[in-house]
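J.: The following comprises the amino acid sequence and a computationally predicted model.
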Amino acid sequence: MPAAICCAADAPSIQNTMGKLSAGLVMYRIRDERPEVLLVHLGGPYWAKKDSGAWFLPKGELQSREDELAAAQREFEEETGLRPSGPFLPLGRVRHKSGKQVAAWAFHGDWDPSLLRSNTFSLEWPPRSGKMQQFPEIDRAAFFDFARAQEKMHPAEFEFLVRLAETLSKKNANL
C-alpha cells in the first residue's frame, strides 16, 4: 500500500500526538452506474453564505485514545443523525494546509438528506454582543457526483474521492 494511504488502516488506535487528527466517513451510492457521495455543509454564521469549498465529509476530532474508525462512525452519526454501517473501506489520510490530518473510510449506503439531524454548538453572535446563540454543526447535506463534489468540497478532502474511485474501479474489475 502506498505510504500516503497506509497509516489509518495499519494503526487504527493511534493517539492524537501529531497535531489535530480528525476522522470521517464518505457515504457513497450508485446512481445510473455512477457513484455519488454524501457531503455536509458546515453550519453557523461564518459558513452561511459560502458554498464552494464549504462542503466536507462528515468528520470530527478524535477523543483521547479513541479508535479512528469508531470516531468516524460517532462523528457521522452526530452530524447527520444516521447510524452508519459497514463494511468500511479505508481511504487513508490527507493533510490540510493547517496541518490537521483527516483519516477516512467509505461505505455504501443511501439516505434522504432532508432527514438531517445535526448536533449544535453555542457561539456569541453577533460578535462582542454578549448574546449566545445555538447553531447546527451541519446545516445541509446532499449527494453529489464526483465532478460536482470537486466544485463543492474542500480541495484537500477531494483526494478521498480519488481514492474511492480507484477502490471502486478495482472492485468492479474483480467481479
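T.: Alright, I've got the coordinates.
J.: Give the pairing partners of the strand ranked longest in the chain; include direction for each.
T.: Looking across the chain with DSSP state E, the single longest strand is strand 21-31. Applying DSSP bridges, strand 21-31 is found paired with strand 34-42 (antiparallel), strand 59-61 (antiparallel), strand 101-108 (parallel).
J.: Any idea which of those gets closest to residue 161?
T.: Counting by C-beta to C-beta, residue 161 lies closest to strand 34-42 out of the strands paired with strand 21-31; the figure is 6.2 Å. (C-beta placed from N, C-alpha, C; glycine too.)
J.: Need the contact partners of that closest one.
T.: Strand 34-42 has contacts (C-beta atoms under 8 Å, 6 or more residues apart in numbering) with 26-30, 47, 51, 54-58, 79-80, 111, 113, 116, 118, 137-146, 149, 152-153, 161, 164-165, 168.
J.: Counting neighbours, which of these end up buried?
T.: Buried residues within these, counting neighbours by 16 or more other C-beta atoms under 10 Å: 26-28, 47, 54-58, 79-80, 111, 116, 118, 137-138, 140-144, 146, 149, 152-153, 161, 164, 168.
J.: Excluding covalently adjacent residues, which one is nearest to the residue nearest the centre of the chain?
T.: Computing the C-alpha centroid of the chain and ranking residues by C-alpha atoms, centre = their mean puts residue 57 first, at 2.1 Å. Spatial nearest neighbour of residue 57, excluding adjacent residues (C-beta to C-beta, 6 or more residues apart in numbering): residue 24 at 4.4 Å.
J.: list the contacts for that neighbour?
T.: 56, 57, 58, 59, 60, 72, 75, 76, 102, 103, 104.
J.: One more pass at 7 Å, please.
T.: Counting by C-beta atoms under 7 Å, 6 or more residues apart in numbering, residue 24 makes contact with 57, 58, 59, 72, 75, 76, 102, 104.
J.: in the chain, which helix or strand is least confident?
T.: helix 7-10 (a mean of 34; mean pLDDT, DSSP states H and E).
J.: pLDDT on stretch 126-146, on average?
T.: Stretch 126-146 carries an average pLDDT of 95.
J.: Can you show me the CA trace of it as PDB?
T.: This file holds the C-alpha atoms of stretch 126-146, laid out as PDB (Å, rounded to 0.1, in the frame of the first residue of the first chain):
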ATOM      1  CA  PRO A 126     -23.200  38.800  16.800                       C
ATOM      2  CA  PRO A 127     -19.600  39.100  17.900                       C
ATOM      3  CA  ARG A 128     -19.000  41.000  21.200                       C
ATOM      4  CA  SER A 129     -22.800  41.300  21.700                       C
ATOM      5  CA  GLY A 130     -22.800  39.100  24.800                       C
ATOM      6  CA  LYS A 131     -25.600  37.000  23.300                       C
ATOM      7  CA  MET A 132     -25.000  33.300  22.900                       C
ATOM      8  CA  GLN A 133     -26.900  31.500  20.100                       C
ATOM      9  CA  GLN A 134     -27.200  27.900  19.200                       C
ATOM     10  CA  PHE A 135     -26.300  26.800  15.600                       C
ATOM     11  CA  PRO A 136     -26.400  23.400  13.900                       C
ATOM     12  CA  GLU A 137     -22.900  22.000  13.300                       C
ATOM     13  CA  ILE A 138     -24.200  20.900   9.900                       C
ATOM     14  CA  ASP A 139     -27.000  22.800   8.200                       C
ATOM     15  CA  ARG A 140     -27.300  20.900   4.900                       C
ATOM     16  CA  ALA A 141     -26.400  17.500   3.400                       C
ATOM     17  CA  ALA A 142     -26.600  16.400  -0.200                       C
ATOM     18  CA  PHE A 143     -25.400  13.800  -2.600                       C
ATOM     19  CA  PHE A 144     -23.000  14.900  -5.400                       C
ATOM     20  CA  ASP A 145     -21.400  13.100  -8.300                       C
ATOM     21  CA  PHE A 146     -17.600  13.400  -8.300                       C
END
